[in-house]
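Undergrad: Any chance you could fold what I've pasted below:
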Amino acid sequence: MRYSLLLLFCLFFSLSKLYGQTVRELELQRKKTEQEILQTSTLLGQTEKLKVDNLNTINLLQKQLQLRNKLISEIELQISQLENDIERNDLLLSGLHKDLNNLKREYAKLVQFAWRSKTNTDILMFIFASNDFNQAYLRIRFYQQFLKFREKQANEIVQTQNIISSEIVKLQENKVKLRNSRIEKNNEIKNLQTDEKRYALSVKQLQSKENALRKELEERKKAFETLNKAIADLIAEEARKAKAQKADKVRDARYVKLSDGFSGNKGKLPWPTKGGVITGTFGEHNHPVIKGLKIKNNGVDITTSSNAKVYCIFEGEVKKIVSIPGSNTSVLVRHGDYLSVYSNLNKVFVKVGDVIQMGHVIGELYSEKGSDKSIINLQIWKESTMQNPALWILP
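TA: Below is the predicted model of the structure:
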């Protein structure tokens, strides 16, 4: 009976341990999502205060909607896990109560036996009444084992009672968490509905400015084409230099080290800003306002506070600084086979040829007059192949 309970308890303990790790991970993810929502809400609050309605506002609202839905899904997952844990606790408590009752019955029998023995004199008479020495020894051993077993049973009763008390506390805590999670879910659903209404209203307002939006997109397209040409020219120029040196590529020890170091840190590279949220994702997407129009992003757009500092994401050499109409200034940094490109800078604090370290301040972002936000476009290239920066920087 004790063996079966031990197996049951070990099973529940291992499940609880696994569950606990999952909950901790989920709570960390929820905190991260809530922090992103707070950042987005702050940026949207600044927009609302300034009565600014533009494409970036739409992108911020889209991001907010994504984060709200993500948080609701995480809360639903936690609710499901808490419900499962409460059920497991109920089953464990039921088994522990059953075992406790069995222990008490066994202990009662031992007490009855001890009561019939009444006194130490009775025990001595029982031993002295033995037929020979061996029988007397066995009776002494039996009595010693009886005392140990009775003590063990008493300890097991106390331990089982303590486990039951602990499990009851856990059960009550989980019920409180479950209740709070359900309340939080309802609140987030209300927040989501509010954000959806605001998003629909902003889209409607911007649709009336379609001509201005198309002009803005055309300017951005030209800026990207200019930047892409600068990148292509840089790669071609370095290829010509390598050919002149009768080598396919200048790959000294430092070059190889930088290439390997950069590629080895995929998914671990720091953000180019101290804070912010990704409001423009990599690749081609439908325009959020103008139906049937596609927009292409060679990197990711990160919306952050106004005039924010921009930091280098990995050790490298500043290879080119390009002034682009409609995109302000861009800085190209080479990391061996890789390039990182930082666009929309208003001020630049480095010069071509500088060897800079991870975290080095490259410059300061441009902010429109009267705006409390800045946007950086970060691109990552492996020679002439575009990479998705979201896969390279920390999630």
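
Undergrad: Report all helices and strands that the helix or strand hosting Lys215 contacts.
TA: Lys215 is part of helix 210-244, with elements assigned from DSSP states H and E. Judged by 3 or more Cβ pairs under 8 Å, 6 or more residues apart in numbering; DSSP states H and E, helix 210-244 is in contact with strand 316-324, strand 328-335, strand 338-348. The way it works is simple: take the backbone N, C-alpha and C, and place the C-beta from them, glycine included.

Undergrad: Mind checking the pLDDT average for the longest one?
TA: To tie it back to what came earlier, the one meant is strand 338-348. Averaged over strand 338-348, pLDDT sits at 93.

Undergrad: Show me what that strand pairs with in its sheet, parallel or antiparallel.
TA: Strand pairing for strand 338-348, determined by DSSP bridges: strand 328-335 (antiparallel), strand 361-365 (antiparallel), strand 373-382 (antiparallel).

Undergrad: Could you tell me how many residues sit around the residue nearest to Thr281 when sequence neighbours are not counted?
TA: In this structure, Thr281 finds its nearest non-sequential neighbour in Val300, 6.1 Å apart by Cβ to Cβ, 6 or more residues apart in numbering. Val300 is flanked by 23 other residues according to other Cβ atoms under 10 Å.

Undergrad: Need phi/psi at the nearest residue to His360 once chain neighbours are set aside.
TA: Spatial nearest neighbour of His360, chain neighbours left out: Cys312 (4.6 Å); criterion: Cβ to Cβ, 6+ apart. Dihedral pair for Cys312: phi -70, psi 140, per degrees, to the nearest 10.

Undergrad: how close does Cys312 get to Asn377?
TA: 15 Å (Cβ to Cβ, to the nearest Å).

Undergrad: same deal with Arg220?
TA: Distance from Arg220 to Asn377, by Cβ to Cβ: 9 Å.

Undergrad: sorry, back to before: columns distance to Phe262 and mean neighbour count on top of the helices and strands packed on helix 210-244, output as JSON lines?
TA: Converted to JSON lines, those look like this (distance: least, Cβ to Cβ, whole Å; neighbours: other Cβ atoms under 10 Å):
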{"stretch": "strand 316-324", "distance to Phe262": "8", "mean neighbour count": "18"}
{"stretch": "strand 328-335", "distance to Phe262": "4", "mean neighbour count": "22"}
{"stretch": "strand 338-348", "distance to Phe262": "5", "mean neighbour count": "21"}
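
Undergrad: out of those, which comes closest to Leu171?
TA: Relative to Leu171, the nearest member of those by Cβ to Cβ is strand 338-348, separated by 51.7 Å.

Undergrad: So in that sheet, which strands flank the helix or strand that the closest one is followed by, and in what orientation?
TA: Next in sequence after strand 338-348, counting helices and strands by DSSP H and E, comes strand 355-356. Strand pairing for strand 355-356, determined by DSSP bridges: strand 316-324 (antiparallel).

Undergrad: Next, the contact list for the residue nearest to Thr281, please.
TA: 278, 280-282, 377-378, 388-390 (Cβ atoms under 8 Å, 6 or more residues apart in numbering).

Undergrad: Mark which of these are buried, thanks.
TA: Neighbour counting by 16 or more other Cβ atoms under 10 Å classes 278, 280-282, 377-378, 389-390 among the contacts of Val300 as buried.

Undergrad: which ones among those are found in helices?
TA: Using DSSP state H, no member of those sits in helices.

Undergrad: and the two most separated of these?
TA: Greatest spacing in the buried ones among the contacts of Val300, by Cβ to Cβ: Asn377 and Ala390 (12.7 Å).

Undergrad: how is this structure carved up into domains?
TA: 2-207, 210-391 (automatic domain parsing).

Undergrad: Confirm Lys296 sits in a strand?
TA: Yes - applying DSSP: H, G, I helix; E, B strand; the rest coil, one finds Lys296 inside a strand.

Undergrad: Spatially nearest residue to it, not counting backbone neighbours?
TA: Closest to Lys296 by Cβ to Cβ, 6+ apart is Glu284, at 4.7 Å.

Undergrad: what does Gly283 give?
TA: For Gly283, ignoring the flanking residues on the chain, the nearest one in space by Cβ to Cβ, 6+ apart is Asn297 at 6.5 Å.

Undergrad: got it, and Gln29?
TA: Glu74 (6.1 Å).

Undergrad: Likewise for Leu234?
TA: Lys320 (5.3 Å).

Undergrad: Could I get the contacting residues of that neighbour?
TA: 230, 234, 331-332, 352.

Undergrad: So what pairs up with it in the strands?
TA: Leu332.

Undergrad: separation between it and Leu332?
TA: Distance from Lys320 to Leu332, by Cβ to Cβ: 4 Å.

Undergrad: Then Asn59?
TA: 25 Å.

Undergrad: what does Lys175 give?
TA: To Leu332, Lys175 is 57 Å away according to Cβ to Cβ.

Undergrad: Determine the three-state secondary structure at Lys32.
TA: Under three-state DSSP, Lys32 comes out as helix.

Undergrad: Any idea which of the strands paired with strand 338-348 gets closest to Lys170?
TA: strand 373-382 (45.3 Å).

Undergrad: The helix or strand that comes right after that closest one - what's its average pLDDT?
TA: Toward the C-terminus, strand 373-382 is succeeded by strand 385-387 as the next helix or strand (DSSP H and E). Taken as a whole, strand 385-387 has a mean pLDDT of 92.

Undergrad: let's have the chain start at 582 instead
TA: I'll keep to 582 as the first residue from here, and by that count the last item is strand 966-968.

Undergrad: Provide the strand pairings for strand 966-968, with the direction of each partner.
TA: For strand 966-968, pairing defined by DSSP bridges yields strand 954-963 (antiparallel).

Undergrad: Export only the CA atoms of the partner strand, formatted as CSV.
TA: Coordinates of each C-alpha in strand 954-963 appear next as CSV, following Å, rounded to 0.1, in the frame of the first residue of the first chain:
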residue,chain,number,x,y,z
LYS,A,954,8.7,58.9,-31.8
SER,A,955,11.6,57.8,-34.0
ILE,A,956,11.8,54.9,-36.4
ILE,A,957,15.0,53.0,-37.3
ASN,A,958,15.1,50.6,-40.3
LEU,A,959,17.7,47.9,-39.5
GLN,A,960,18.9,45.7,-42.3
ILE,A,961,21.2,42.7,-42.3
TRP,A,962,22.9,41.3,-45.4
LYS,A,963,25.2,38.3,-46.0
